[in-house]
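Enquirer: following is a predicted model, sequence given first.
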Amino acid sequence: MIVYKTIDEIKKIKEANQIIARLYEEILPKHIKAGISTLEINQIIDDYIRSQGAFPASIGVGGPENPFPAGSCISVNEEVVHGIPREDKILTDGDIVSIDVVTELNGFYGDSAITFPVGDIDEESKRLLEVTKKSREIGIEMAVVGNRLGDIGNAIQKFVESNGFSVVKDFCGHGIGKSMHEDPAIPNFGRKGRGLKIENGMVLAIEPMVNCGSYKVNILGDGWTAVTKDGKRSAHFEHSIAIIEGKPVILSQLD
């Protein structure tokens, strides 16, 4: 069931997202460098979110049998999504690191992801980051009243594949609001003119995950970390957006 949001609710969702925007644009860039562990990065993220009166909402996701143990997902190189921060996972020059953060503030959720380069990265990795980020923007541009969800996925897929990369098909974007994951699911592939109509009041997380090689992934033994099946690199960029007066408004971009 789609939950359509009022302007007041969208403002509250934006407040949760602005915490993440500040993390990505003002705080983390000075810390993403060789020698830092993903556990240390997670602690910086967790501390900042709590300092803003919010909660790092990925903690405990998945239920009692295998709850996610950290306040952020940090995935390095061939890790696609849901990487568990670890003390022994140390960044080195040339790595790429994807960070996915969900916040809960006063009952509303924010969700955004970014992939950082660590020092100087190779040309293929530079292109991967550029194409993935651009594909997110192309997908967002298609999120207008009158289009359908398939138009978003189709635009992302066509752009990514035209640049020689592949879109991950095992994970997708989603609605967001008073829950972390709401309907609808938003694949990063598909056919134009198919799927649910886009309407005012929708709040959506658009998040292409793009691989250098095959789109296929495996899940590691921790039950969380998704890695590329062929061991090639992957990037992830995500924004939360709201459909207002027929057009997409980015909530997770710093004002």
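Expert: Received, thanks. Just so you know, these numbers come straight off a predicted model, no measurement behind them.
Enquirer: give me the phi and psi for Pro29.
Expert: The phi and psi values for Pro29, taken as degrees, to the nearest 10, are phi -50, psi -30.
Enquirer: tell me the contacts of it?
Expert: Neighbour list for Pro29: Phe116 [criterion: C-beta atoms under 8 Å, 6 or more residues apart in numbering]. In this view, the C-beta of every residue, glycine as well, is placed from N, C-alpha and C.
Enquirer: that one and Ser58, how far apart?
Expert: Relative to Ser58, Pro29 is positioned 21 Å away (criterion: C-beta to C-beta, to the nearest Å).
Enquirer: name the next helix or strand following the helix ranked longest in the chain along the chain.
Expert: When secondary structure is assigned using DSSP state H, the longest helix within the chain turns out to be helix 123-141. For helix 123-141, the following helix or strand on the C-terminal side (DSSP states H and E) is helix 149-162.
Enquirer: residue contacts, Ile7?
Expert: The neighbourhood of Ile7, defined by C-beta under 8 Å, 6+ apart, consists of Ile244.
Enquirer: what's the answer for Glu87, then?
Expert: Going by C-beta under 8 Å, 6+ apart, the list of residues near Glu87 reads 37, 39.
Enquirer: swap in the one 5 residues further on?
Expert: The contact partners of Thr92, by C-beta under 8 Å, 6+ apart, come to 34, 118.
Enquirer: so it: helix, strand or coil?
Expert: On the three-state scheme (DSSP: H, G, I helix; E, B strand; the rest coil), Thr92 is labelled coil.
Enquirer: now it: how far from Glu40?
Expert: The spacing between Thr92 and Glu40, counted by C-beta to C-beta, is 14 Å.
Enquirer: circling back: relative to helix 149-162, how tilted is the longest helix of the chain?
Expert: Using axes from the mean of the first three to the mean of the last three C-alpha atoms, to 10 degrees, the inter-axis angle of helix 123-141 relative to helix 149-162 is 160 degrees.
Enquirer: buried ones in helix 123-141?
Expert: Residues of helix 123-141 classed as buried under the neighbour-count rule (16 or more other C-beta atoms under 10 Å) are 125, 128-129, 131-136, 138-140.
Enquirer: nearest residue to Val89 other than its sequence neighbours?
Expert: Just to correct that, residue 89 is Lys rather than Val. Thr38 (4.3 Å; C-beta to C-beta, 6 or more residues apart in numbering).
Enquirer: ok, that neighbour touching Pro85?
Expert: Yes: counting by C-beta atoms under 8 Å, a contact exists between Thr38 and Pro85, whose distance comes to 4.3 Å.
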